[in-house]
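J.: My questions are about this predicted structure, shown below with the sequence.
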Amino acid sequence: MRYPQIHSGRGKVRLASFNDPSCEAGKENYMSAALSAQEISRALTRISHEILEKNGGSSNLTLLGIPTRGAHLASRIATIINSIDLCDVPVGTLDITLHRDDLRMRPPRALMPTLIPQAGIDGRDVILIDDVLFSGRTIRAALDALGEIGRPKSVQLAILVDRGHRELPIRADFVGKNIPTARTQNVKVNLSETDGGDEVLVSEGESK
Amino acid sequence: MRHLLSISDLSKDEAVLILDTAIEMARASDGPMKKLPTLRGRTIVNLFAEDSTRTRISFEAAAKRLSADVINFGAKGSSLSKGESLKDTALTLQAMGADAVIIRHGASGAPVRLADSAWMSGSVINAGDGTHEHPSQALLDAFTIRKHCTKGGGDLAGLRIGIVGDVLHSRVARSNVLLLALLGAHVTLIAPPTLLPFGVESWPVDISYDFDSVLPTLDAVMMLRVQQERMSDLFFPNAREYSRYFGLNRDRMLMMKQNSIVMHPGPMNRGLEITADVADSARSVIVEQVSNGVSVRMAILYLLLAGAPSEIGANT
């Protein structure tokens, strides 16, 4: 499905997406595409260059994606970095479910794999990668989880969409796009690995 | 899922979820991240009115790796030995604020009684009740079988599993029959007729009295302990005859399929249902069952206790 592309801001292009059978939630009446596939691809390429620039190359990098979609983004960024720098940057996944602070408020979630590269993370420059930065609580949990695994030289955060509304003093080092949202809106990142296509959608809806 | 009382409370999806969660728990325990903060501040009581080594220690290790506080409570050295009733014990635990009680009891149905009553509000986990069920053991057995005999995910469809020996007194066998059938495996019970329970014809299993004819077809063979402490009658003429017909020895092990495994829930009667050389052989996964037990029990505790009370499972 294709949505008219809009630029950041609160002006929403209204689409009657409830008629679209591929739209999973009929109650989310208004959806707008905040990033197209091409824009996602450009953003990931730019983030890859920025990571290399800031760290002076790829030799000490370790990429860790937060499942599900952060893990896909991490392997994409790894591919781009490998092609730019002609290297083989270690990439892994970090499931933070067991470290969440809101476990008691929801039904238990299924766990996703945590795969730390063989070399470990001690002394490495770890790039955490996730799809959306919202309250910052996921990243807090990820920092806790990292502390259990080892002592990185530094931890940096790359994010595809920063939607604001932080509840903790956390910021991203590399941002694909800032999308100002209302708390009640939902931001959905679709990636071809899991969702059949690349796009970022903003929908009106009840906040989770 | 609020209580884990019987395998019959689980759907296939829930059973597979527990096994999948256990894989991640095993990975977490293997790595440097041994201690997880997930159940910090929760109190879990191990109420063991019957003796146990593996199950109690395994639940304790699982709870501690998830940072829960564990209170151990055995029959000996507590007021249970003075004749305190289950109700008064439960009320005491409730007053102390137990979030979950892991109970082993000699009376079949004691965990269900505890869960159905209004005596306490926490989760109840059945760690073996009389000759009824032992669900966490069945889950760890299924986890072990899945790890060795499948590609590592999903259910156990198409596998052939033999459960051999004292089925009559075995809660492990009851839970395993229910769970393995739920996961799509084909189960054969192999035992003398005197050690098969009344009504076994209605179970989803085949029954055989001839170990040697079934053994070469099996992917996993689960030996059961001959429970002499529960035997008030004479169920077989003598130990030598039992082990000749239903014991697993070196000669029988050579008949087994390639890559098939030998399991035993423990404790073993070496020389009766299984010989020492088989128990210590490369086919034997008996020690691995114990370490898998910790991961599976971590998964059970996580799914029962970590989230908000959910709508699925036995919310009795």
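T.: On my side now, so go ahead.
J.: alpha carbons only for contacts and neighbour counts from here, please
T.: Fine.
J.: Run a quick neighbour tally on the residue of the stretch 101-250 of chain B at minimum distance from chain A.
T.: Nearest residue of the stretch 101-250 of chain B to chain A, counting by CA to the nearest CA: B:G153, 13.1 Å away. B:G153 has 13 neighbours, counted by other CA atoms under 10 Å in any protein chain shown.
J.: any idea how far B:D20 is from it?
T.: 7 Å (CA to CA, to the nearest Å).
J.: Also B:R2?
T.: The value you get for B:R2 to B:D20, if CA to CA is used, is 19 Å.
J.: same check, this time on B:A279
T.: 28 Å.
J.: Also A:T184?
T.: From A:T184 to B:D20 the distance is 33 Å (CA to CA).
J.: Of these two, give the one with the bigger neighbour count.
T.: B:D20 (21 against 12).
J.: just checking, the more buried one touches B:K147?
T.: No - applying CA atoms under 8 Å, one finds B:D20 not in contact with B:K147, separated by 10.8 Å.
J.: what does chain A have sitting close to chain B?
T.: Residues of chain A lying close to chain B (CA under 8 Å from any CA of the partner chain) are A:98-100, A:103-114, A:145, A:148-149.
J.: Okay, helices next: where are they in chain A?
T.: Here chain A has its helices, by DSSP state H, at A:37-55, A:69-85, A:137-149, A:192-195.
J.: Give the full set of residues in contact with A:T68.
T.: Applying CA atoms under 8 Å, 6 or more residues apart in numbering or on different chains to A:T68 gives the contacts A:M112.
J.: Look up phi and psi at the closest residue to A:S192 other than its chain neighbours.
T.: If the residues on either side of it in the chain are set aside, A:S192 comes closest to A:D198, at 5.3 Å by CA to CA, 6 or more residues apart in numbering or on different chains. Dihedral angles of A:D198 (phi, psi; degrees, to the nearest 10) stand at phi -100, psi 120.
J.: A:D198 and chain B, how far apart?
T.: 28 Å (CA to the nearest CA, to the nearest Å).
J.: try A:G197
T.: 27 Å.
J.: That residue contacts A:S41, correct?
T.: No - using CA under 8 Å, A:G197 is not in contact with A:S41; the gap is 12.0 Å.
J.: What confidence value was assigned to residue 17?
T.: Since no chain was named, I'll use chain A. Among the per-residue scores, A:S17 holds a pLDDT of 39.
J.: right idea, wrong chain: chain B
T.: Note for B:L17: predicted pLDDT of 93.
J.: any residues in contact with both of B:D20 and B:K147?
T.: Common neighbours of B:D20 and B:K147 (CA under 8 Å, 6+ apart) do not exist.
J.: Determine the number of other residues adjacent to the residue in chain B positioned nearest to chain A.
T.: In chain B, the residue found nearest to chain A is B:G307; the distance is 4.3 Å by CA to the nearest CA. Applying other CA under 10 Å, we find 19 residues neighbouring B:G307.
J.: What about it? Give its phi and psi, please.
T.: Torsion angles, degrees, to the nearest 10, at B:G307: phi -90, psi -180.
J.: quick one: it from B:L39, how far?
T.: Taking CA to CA, one finds B:G307 at 10 Å from B:L39.
J.: Report the buried residues of stretch B:92-110.
T.: B:93-94, B:97-105, B:108-110 (16 or more other CA atoms under 10 Å in any protein chain shown).
J.: Just name the most buried of the helices of chain A.
T.: helix A:69-85 (a mean of 20; mean count of other CA atoms under 10 Å in any protein chain shown).
J.: Does it pack against any helices or strands, and if so which?
T.: Contact partners of helix A:69-85 among helices and strands, from 3 or more CA pairs under 8 Å, 6 or more residues apart in numbering or on different chains; DSSP states H and E: helix A:37-55, strand A:61-65, strand A:91-93, strand A:125-133.
J.: so which of the ones you listed comes closest to B:D13?
T.: Within the helices and strands packed on helix A:69-85, the stretch nearest B:D13 is strand A:91-93; the backing value is 24.9 Å (CA to CA).
J.: quick check, distance from the closest one to the centre of its chain.
T.: 14 Å (CA atoms, centre = their mean, to the nearest Å).
J.: Give me the residues contacting that strand.
T.: So strand A:91-93 is contacted by A:62-67, A:71, A:74-75, A:78, A:113-117 (CA under 8 Å, 6+ apart).
J.: Now restrict these to buried residues only.
T.: Here, 16+ other CA under 10 Å leaves A:62-67, A:71, A:74-75, A:78, A:113-116 buried among the contacts of strand A:91-93.
J.: and which of those residues is nearest to B:A173?
T.: Distances from B:A173 to the buried ones among the contacts of strand A:91-93, taken by CA to CA, are shortest for A:P113, at 31.7 Å.
J.: so where is chain A shaky, pLDDT-wise?
T.: Along chain A, segments meeting pLDDT under 70 span A:1-30, A:206-208.
J.: Quick one: end-to-end distance for stretch A:111-119.
T.: Terminal residues of stretch A:111-119 are spaced 23 Å apart (CA to CA).
J.: what's the domain layout of chain B?
T.: Here the domain assignment for chain B is B:7-133+B:292-306, B:135-289, based on automatic domain parsing.
J.: before we move on, back to that, buried only: go through the residues of chain A next to chain B for me.
T.: Here, 16+ other CA under 10 Å leaves A:L98, A:H99, A:R100, A:L103, A:P107, A:P108, A:L111, A:M112, A:P113, A:T114, A:A145, A:I149 buried among these.
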